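J.: I would like to see how this sequence folds:
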Amino acid sequence: MNLNEETRIKKQGFKYVIGLDEAGRGALAGPVVASAIYYKGKNPIQGVKDSKKISPSKRKNLALKLTNHPCVLWGIGIVPSKTIDKINILEASKIAMQKALFDLEKKYKIKADYLILDGKMKLDIPINQISIIKGDDLIFSCSAASIIAKVTRDFLMEKASFKYPEYSFERHKGYGTKLHLSMLKKYGACPIHRKSFKPIKKIDNKV
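T.: Residues are numbered from 1 along each chain as shown. Reported below is the predicted structural model:
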């Protein structure tokens, strides 16, 4: 884990350096979920890295540790599929990150003064920020955000599977797997599918 960037930023006098990441950007159904993380001191928890490199059971365990650790402050932002269809997934991802940041600030009564974002992204808010490619694997706060966002979104998709059991959302979490695409061809799109995404557009035209 490379903490040099966070350390460098904090040495410049920035106190609340917040890491952000999202989950569900490439899915065909369900919301995009983001998390914002601030932590005090050194790495409070070991084994934190890009959520895609961690097994589901370990992700859940780490998310539980992170959200209950006294040195970790966290927030969540959720943007539903209908909004994604209206404004596009990039803008929806930005809004989810802003919601996560505002949730953290409100919950813990702090004010962020520097943001570290995973990937290539810039939020349209007047706060110092930097985007880092593979930040979710290099920066602790971004890694922690990726884990909490992913576990939160997985939980929401598991809940959705009870309402729409024919799509098996608990298995693929809304991503374009072979199983998911076959269910889409059989049943068409449901209310939480992203109608603006090409695979859904094609199927909707046939239904």
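
J.: Doesn't Leu73 belong to a strand?
T.: Yes - counting by DSSP: H, G, I helix; E, B strand; the rest coil, Leu73 is found in a strand.

J.: Report the buried residues of the longest helix belonging to the chain.
T.: Counting residues, the longest helix in the chain under DSSP state H turns out to be helix 140-163. Neighbour counts over helix 140-163 (16 or more other C-beta atoms under 10 Å) mark 140-154, 156-157, 160-161 as buried. To be clear about C-beta, it is placed using only N, CA and C from the backbone, and glycine gets the same treatment.

J.: any idea of the mean pLDDT for it?
T.: Confidence for helix 140-163, expressed as mean pLDDT, is 97.

J.: which regions of this protein lie under the pLDDT threshold?
T.: 1-4, 204-207 (pLDDT under 70).

J.: Go ahead and flag the most central residue of it.
T.: In the chain, the centroid-proximal residue (C-alpha atoms, centre = their mean) is Glu22; its distance is 2.3 Å.

J.: Contact partners for that residue?
T.: The contact partners of Glu22, by C-beta atoms under 8 Å, 6 or more residues apart in numbering, come to 32-35, 93, 96-97, 118, 149.

J.: in the sheet, who's paired with Ser35?
T.: With DSSP bridges as the criterion, Ser35 is bridged to Asp21, Ile76.
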